[in-house]
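J.: no sequence on this one, just coordinates:
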C-alpha cells in the first residue's frame, strides 16, 4: 500500500512537467531498489558495538584516523588513553596507511573483552585484534600498556588492510614490535642490544615471510616487545617505509644479511680488521676476571675448612723467667 501511494505521487509529479521525466524515473528506480533490498545485518554489526553488543560504549573520540570508544572511564583518563592511541595511529598511518575506519574499544578491565572465549579459562584477555572487522580491543587496567598495545595492534591492522588480507609472518609481528619500540622511545636500546648480540652470534638467518597473519590475534602487551625489531628500523632507513609492504622471504633474508653486516661494521668502523674485536674480547675478559675474583672471595668467606686444616690457637703456658731461682 505504501509503495503504491509513493509511486502514485511520484507519477503525479512527472505529469506536471515533462522536463524532469528522465530524472524522475531514475529517482523512482533508486527508491524502489532501496525499498526492495533488505537491510544488511553485517552493517549493523560493525565496530565495537557490533562485536560487544552487551557493552554500552558511552564515550567516543577520534584519535587521528581511528575512532576510540570507551566505557566506564573518567573523562580525563579516557582522554589520556585517546592521546596514547593517537600517537600510535598517526605514526602507523603516516608510514603505511590502512587505518581509516578502524575502531579501538577500550575496557577498564579485561574480563569484558572476551565474550567468545578467545583465551583458556583462568586466563585474561589483554588485547585482541579482529583484523577482518577493523576492530582492536584493549584492556586498560595497566595504564602504561595502552600506548604500546595500541601501536602493536594498529600496525598489525594496517598491514592486514594494505595487503587486502593476511600479511606475512613473523614479519608483521616484527614490524608491530618496531612501532611499539618507537612510541616507547626504545629504539636506541634495542639497537644496542642487537649490536652486541650480533658480536656474539651473527644474525644472518631471518626468515620473516614464512607464514601469514590470523584473522583474530590475542596477545599480552607485557610480552610483545623484541629487540630484533631493530631489523625493521634498518630496513626502513635504507629502503623507505614502503619496504614494510614487501612479503617476499628472499627480500627479507637479503635485508637481514645486510643488517648483520652493518652491525659488524658499526663495531669495527675502521673496516674488516680485528682491532675492535680484540678490544671487545679484553672488555669481556675483564668482566669475567671480576666475576671469578668475586667468587673466590665469596668462597673464602663462606666455605668452612676441613678439620685437618684447622690451626691450634690455644695459648701456651705463661712463664715468668724466675723458675730457676726456686731450686
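T.: Right, received. Where do you want to start? Note that the structure is a prediction, hence the values are computed from the model and not measured.
J.: C-alpha from now on. contacts and neighbour counts both.
T.: Noted.
J.: what ranges of the stretch 151-300 of the chain fall below the confidence cut-off?
T.: Judged by pLDDT under 70, the stretch 151-300 of the chain has its weakly predicted residues at 200-205, 269-283, 286.
J.: Strands along that one, start to end?
T.: 168-170, 209-212, 216-219 (DSSP state E, counting those that start in this stretch).
J.: Quote the end-to-end distance of stretch 215-229.
T.: 22 Å (C-alpha to C-alpha, to the nearest Å).
J.: can you pull the buried residues of it?
T.: Buried residues in stretch 215-229, counted by 16 or more other C-alpha atoms under 10 Å: 218, 219, 221, 225, 227, 228, 229.
J.: coming back round to it: ok, which of the strands of the stretch 151-300 of the chain comes nearest residue 157?
T.: strand 216-219 (10.1 Å; C-alpha to C-alpha).
J.: what's the closest one packed up against?
T.: strand 127-130 (3 or more C-alpha pairs under 8 Å, 6 or more residues apart in numbering; DSSP states H and E).
J.: what's in contact with the strand it packs on?
T.: 135-139, 149, 153, 156-157, 215-221 (C-alpha atoms under 8 Å, 6 or more residues apart in numbering).
J.: ok, now with 6 Å
T.: For strand 127-130, the external contacting residues (C-alpha atoms under 6 Å, 6 or more residues apart in numbering) are 136, 137, 138, 216, 217, 218, 219.
J.: Please convert those to a markdown table, extending it with distance to residue 267.
T.: Shown next, in a markdown table, are these (distance: C-alpha to C-alpha, whole Å):
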| residue | distance to residue 267 |
| --- | --- |
| 136 | 41 |
| 137 | 42 |
| 138 | 40 |
| 216 | 41 |
| 217 | 38 |
| 218 | 38 |
| 219 | 35 |
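J.: tell me which of those residues is nearest to residue 262?
T.: residue 219 (31.9 Å).
J.: in the sheet, who's paired with the nearest residue to the closest one once chain neighbours are set aside?
T.: Spatial nearest neighbour of residue 219, chain neighbours left out: residue 127 (5.5 Å); criterion: C-alpha to C-alpha, 6 or more residues apart in numbering. Counting by DSSP bridges, residue 127 is bridged to residue 138, residue 219.
J.: Measure how buried residue 127 is and give me the count.
T.: 27 (other C-alpha atoms under 10 Å).
J.: Show the pLDDT at it.
T.: On pLDDT, residue 127 comes in at 93.
J.: And for the one 5 residues further on?
T.: Predicted confidence (pLDDT) at residue 132: the value is 96.
J.: Ok, residue 105 next?
T.: Reported pLDDT for residue 105: 96.
J.: Just list what the helix or strand where it lies packs against, helices and strands only.
T.: Assigned by DSSP states H and E, residue 105 falls within strand 103-107. Packed against strand 103-107 by the contact rule (3 or more C-alpha pairs under 6 Å, 6 or more residues apart in numbering; DSSP states H and E) you find strand 66-70, strand 135-139.
J.: Pick the most buried one from these.
T.: Of the helices and strands packed on strand 103-107, the one with the most neighbours on average (mean count of other C-alpha atoms under 10 Å) is strand 135-139, at a mean of 27.
J.: ok so, going back, so which of the helices and strands packed on strand 103-107 is nearest residue 248?
T.: Across the helices and strands packed on strand 103-107 (criterion: C-alpha to C-alpha), the nearest stretch is strand 135-139, sitting at 27.0 Å.
J.: how about the helices of this structure, start to end?
T.: 2-16, 21-36, 41-44, 47-51, 75-95, 145-162, 171-184, 187-200, 230-239, 249-267, 275-302 (DSSP state H).
J.: Could you give me the buried positions within the fourth one?
T.: Within helix 47-51, the residues that qualify as buried by neighbour count (16+ other C-alpha under 10 Å) are 47, 48, 51.
J.: The nearest residue to the second one once chain neighbours are set aside and residue 211, how far apart?
T.: Right, the one you point to is residue 48. Ranked by C-alpha to C-alpha, 6+ apart and with sequence neighbours excluded, the top spatial neighbour of residue 48 is residue 105, at 5.9 Å. From residue 105 across to residue 211, the span is 28 Å (C-alpha to C-alpha).
J.: Could you check which of those two is surrounded by more residues?
T.: Neighbour tally, residue 105 and residue 211, criterion other C-alpha under 10 Å: the higher count belongs to residue 105, 24 against 15.
J.: from what I can see the more buried one touches residue 69, true?
T.: Yes: between residue 105 and residue 69 a contact is recorded at 5.0 Å, counting by C-alpha atoms under 6 Å.
J.: so which of the strands of the stretch 151-300 of the chain comes closest to residue 88?
T.: strand 216-219 (17.3 Å).
J.: Got the confidence number for residue 102?
T.: At residue 102, pLDDT is 97.
J.: That one reaches residue 64, doesn't it?
T.: No: the pair residue 102 / residue 64 is not scored as a contact, 10.5 Å apart, by C-alpha under 6 Å.
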